[in-house]
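>>> just the structure for this:
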Amino acid sequence: MAPRVRRAPDEARRLILEAAGALLAAGGPAAVQVRAVAAAVGMSDAAVNHHFGTRDQLLTALLRFGGQKLRSALHATLGSWSDGPADPAPLVRALSALYAEGYAELALALHRSGWRDQGSGMLAEVVDRLHARARTDCATTGRSAPTREAVQLTVAALHQALLTEPLFGGEFRRSVGLDGAARERTLDWWTEVLRTTLAGHPAAPPQAASAAAAASSSSCRARPAARPSER
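Below you'll find the predicted structure:
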């Protein structure tokens, strides 16, 4: 056990969450016990409970702590995009790394116990930056940019897949005959899916657009006026 020392409340909470995160990564949610966390930090069980209340409240705080870690990683990714193209690979890897540290199991365990996250928009900034960059790039390439909703749906599907990856990814891949080594290829595939969405789609040729408009106009002119009895 680490020697016990007096710490400022914010520092104590941070150390408790870091110790809980290490236990989570090593043994899953079941390993995050108040006594084990207290021993790792050099506190009494009562001191840990003083900062977080019950074990369930500690686990909830730990999940939010994981969310903060993810936001930090995402901000670093967004910062790299300001100096070059929006490469989605670091985004995919950041999400994958967090959930591989036990946070997927933790989220599932808390969900089963009745906890529901009332927050929203953790990846909204990512969506906005991706959509803005896609519009800029498509204006250069002459392609039609994806809608914001298309980017939202792609990022949401990616997030869902990476959250469930540590829980069921191997089983799903084996169900179609893929081996364990396919996990890395799965991450690469998701990166390509996101790149494909951001690349937009070919714009309609001007001649085709003009022909469609002319046909629509001609159809409207050729349509006979309705008779009084048909009105």
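>>> could you pull out the strands in the protein for me?
143-144, 201-202 (DSSP state E).
>>> out of those strands, nearest to G114?
Closest approach to G114 among the strands of the chain is made by strand 201-202 (43.0 Å; C-beta to C-beta). In short, each C-beta sits where N, CA and C put it, glycine included.
>>> partners of that closest one in the sheet?
strand 143-144 (antiparallel) (DSSP bridges).
>>> give me the mean pLDDT for the partner strand.
Strand 143-144 carries an average pLDDT of 95.
>>> over to stretch 82-92?
82.
>>> how much space between the spatially most central residue of the chain and E165?
Centroid-nearest residue in the chain, with C-alpha atoms, centre = their mean: H159, separated by 3.6 Å. Separation of H159 from E165 (C-beta to C-beta, to the nearest Å): 11 Å.
>>> now do A38
Note on A38: its distance to E165, by C-beta to C-beta, is 32 Å.
>>> show the model's pLDDT score for R221.
At R221, pLDDT is 55.
>>> show me what contacts the nearest residue to L194 once chain neighbours are set aside?
Spatial nearest neighbour of L194, excluding adjacent residues (C-beta to C-beta, 6 or more residues apart in numbering): P88 at 4.1 Å. P88 is in contact with 130, 191, 194-195, 198, counting by C-beta atoms under 8 Å, 6 or more residues apart in numbering.
>>> in helices only, show me those.
130, 191, 194-195, 198 (DSSP state H).
>>> which of those residues sit farthest apart?
L130 and T191 (12.6 Å).
>>> show me the contacts for L59.
By C-beta under 8 Å, 6+ apart, the neighbours of L59 are 20, 29, 32, 106, 109-110.
>>> adding pLDDT, neighbour count and distance to A134, write those residues out as a markdown table.
Compiled in a markdown table, these are given as follows (pLDDT from 0 to 100; neighbours: other C-beta atoms under 10 Å; distance: C-beta to C-beta, whole Å):
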| residue | pLDDT | neighbour count | distance to A134 |
| --- | --- | --- | --- |
| A20 | 95 | 29 | 38 |
| P29 | 92 | 21 | 38 |
| V32 | 95 | 23 | 40 |
| L106 | 89 | 22 | 33 |
| A109 | 86 | 18 | 36 |
| L110 | 86 | 18 | 34 |
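>>> picking that back up, which of L130 and T191 has more neighbours?
L130 (25 against 18; other C-beta atoms under 10 Å).
>>> excluding sequence neighbours, find me the nearest residue to that one.
Leaving aside its chain neighbours, L130 sits nearest to V151 (5.3 Å; criterion: C-beta to C-beta, 6+ apart).
>>> all helices of this protein, in order?
In the chain, the helices defined using DSSP H lie at 9-27, 34-41, 45-52, 55-81, 89-98, 104-112, 124-141, 148-164, 170-174, 182-198, 206-222.
>>> select, out of those, the one closest to Q118.
Per C-beta to C-beta, nearest to Q118 of the helices of the chain: helix 55-81, 11.4 Å.
>>> where are the low-confidence patches of this protein?
For the chain, residues meeting the criterion pLDDT under 70 lie at 1-5, 83-84, 119-120, 206-231.
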